[in-house]
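# generate a structure from the sequence data that follows.
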Amino acid sequence: MNPTWLDFLAIPLGRLLKFIYDFLHGAHIPGSYGIAIILLTLIVRGLLLPLYIKQIQSTSKMAEVAPRLQEIQQKYKNDQKKMQEEMLKLYQETGYNPAGGCWPLLIQIPILFSLYYVFQNPLVYVLGKSHQYVKDLITGATGYNITQRIVDEAQKLGLDMHFFGINLAQKELIVLPILSAAFSFLSILYSMNSQKKFNPQYSSSQSNVMAESMNRSLMIFSPLMSYFIALQVPSGLVLYWTVTNLFTILQQFIANEVVYKKLKHKKEEEEKKKQLEKQALKMQEIESEREKIDEQDESKKTKTRTENSQDDDQERLRKKELERLKQQISGQHRTSKKKKK
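Numbering: from 1, shown residues only. Next comes the predicted model:
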């Protein structure tokens, strides 16, 4: 076998597996190789857990943004420039990054493929043999016989690959294939139910309806593929896949209890905050309306007082005018009497 571009990851992972195996085997623990595979899988998946949580957060945010995104696409379907501007504005407003959910997945892929190479070729990645050594060993072999020669040679070199009655260097046709298929099914089912429970928008948007339809198809085909592939590869690989699916269920449980509930609580708090802001705004409007009414009442009172004051002034002027006229008439009357005398 030739070196792969993933050797920079596969070699240290294989050395870590060998370190765990040597420790367990030195302690005379039965099934050391199988337990080492389980522990290595858990270590790697544990290190990838923060990326998984980030992916879950991005998926949840996507489900939240999707309805508004569809509204924009529908509203500006004839104006691509305006659509892009509004979508960018929405992303900035909500803090959603469309590529945010892709990067964690892309980072995981080379690590997972590297583990596949480790379990497929323990001579190179676990025992430290050269690729030329393996290439000479498998000369003339084809198909599954290539892998079988590799794992058989690894056992001859002292790597005990027995795991509680199962030889992880050989095919196993009953227990591990069934477990692999079962945990694959449970993983997809649990993930779907979690999405429905913690993302109310998940079933409403068209994209998520399509995703759910694909997941339903995966619920059928993925376990079947896991089972039939498990019948064709060494049991060490099947054990790795089984533990990976089991850990995926555990990851989803952690996401439900920590990430989704936290996001749900945060969303409820935001909704409460919005309700309080609406109530405060409504109270401001009512208060403003009340102040306007009070101002109008005060204005009416002021106007009434002004009108009354003006009436009083006019009344006083009339009285003065009448008094002046009386005095003038009285004066004229006295003058008339004097003239008669």
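
# Ala10 should be in a strand, yeah?
No. Counting by DSSP: H, G, I helix; E, B strand; the rest coil, Ala10 is not part of a strand but helix.

# check contacts around Glu323.
Contact analysis of Glu323 by CB atoms under 8 Å, 6 or more residues apart in numbering lists nothing. C-beta coordinates here come from the backbone N, C-alpha and C atoms, glycine included.

# state the distance from Ile20 to Tyr117.
Going from Ile20 to Tyr117 by CB to CB, to the nearest Å gives 17 Å.

# now Pro223
Counting by CB to CB - Pro223 and Tyr117 are separated by 24 Å.

# and Gly46, how many neighbours?
Neighbour count for Gly46, taken as other CB atoms under 10 Å: 12.

# which SS class is it?
The three-state label given to Gly46 by three-state DSSP is helix.

# state the distance from it to Gln252.
15 Å.

# can you check Leu168 too?
Distance of Leu168 to Gln252, given as CB to CB: 27 Å.

# looking at these two, which is more packed in?
Leu168 (26 against 22).

# hmm, the more buried one is touching Met161, no?
Yes. Using CB atoms under 8 Å, Leu168 makes contact with Met161 at a distance of 4.4 Å.

# any common contacting residues for those two?
33-34, 151, 236.

# can you give me the strands in this structure?
Ranges of strands in the chain, per DSSP state E, are 162-163, 166-167.

# just these: most buried one?
strand 162-163 (a mean of 20; mean count of other CB atoms under 10 Å).

# that strand pairs with which strands?
Within its sheet, strand 162-163 is paired with strand 166-167 (antiparallel), according to DSSP bridges.

# state the mean pLDDT of the strand it pairs with.
Averaging pLDDT along strand 166-167 yields 84.

# stretch 135-146 now?
Average pLDDT, stretch 135-146: 85.

# next, the buried residues of that stretch.
137-138, 146 (16 or more other CB atoms under 10 Å).

# regarding stretch 71-84, how distant is the last residue from the first?
End-to-end distance for stretch 71-84, by CA to CA, to the nearest Å: 13 Å.

# what's next to that stretch, contact-wise?
Contacts for stretch 71-84 (CB under 8 Å, 6+ apart): 86-87, 90.

# again, but for stretch 183-190
For stretch 183-190, the external contacting residues (CB under 8 Å, 6+ apart) are 215, 218-219, 222-223, 226, 241-242, 245-246, 248-249, 252-253.

# list the contacts for Asn160?
Asn isn't right for residue 160; it's Asp. Residues near Asp160 by CB under 8 Å, 6+ apart: 25, 32-33.

# mind showing which ranges of the stretch 51-200 of the chain have poor pLDDT?
The model of the stretch 51-200 of the chain has pLDDT under 70 over residues 57, 59-60, 63-64, 98-105, 195, 197-200.

# and the helices in it?
80-94, 102-120, 122-125, 131-137, 144-156, 175-198 (DSSP state H, counting those that start in this stretch).

# which of those sits most buried?
Comparing the helices of the stretch 51-200 of the chain by mean neighbour count (mean count of other CB under 10 Å), helix 122-125 comes out on top with a mean of 25.

# packing partners for that one?
Helix 122-125 makes packing contacts with helix 7-26, helix 131-137, helix 144-156 when contacts are defined by 3 or more CB pairs under 8 Å, 6 or more residues apart in numbering; DSSP states H and E.

# next one: that helix to chain centre, how far?
38 Å (CA atoms, centre = their mean, to the nearest Å).

# how near is the nearest residue to Leu179 once chain neighbours are set aside to Tyr116?
Nearest residue to Leu179, sequence neighbours excluded (CB to CB, 6 or more residues apart in numbering): Thr242, at 4.9 Å. Remark: distance between Thr242 and Tyr116 (CB to CB) = 14 Å.

# give me the neighbour count for the nearest residue to Ile254 once chain neighbours are set aside.
Distance criterion CB to CB, 6+ apart; nearest residue to Ile254, sequence neighbours excluded, is Leu49 at 7.4 Å. Using other CB under 10 Å, the number of residues around Leu49 comes to 15.

# what pLDDT is listed against Leu49?
pLDDT, read off for Leu49, is 77.

# and for Ser32?
Listed pLDDT for Ser32 reads 92.

# do Lys339 as well
Lys339 carries a pLDDT value of 57.

# ok, and the most crowded of the contacts of stretch 183-190?
When neighbours are counted by other CB under 10 Å, Thr242 leads those with 26 neighbours.

# list the residues that contact it.
Here Thr242 is in contact with 176, 179-180, 183 (criterion: CB under 8 Å, 6+ apart).
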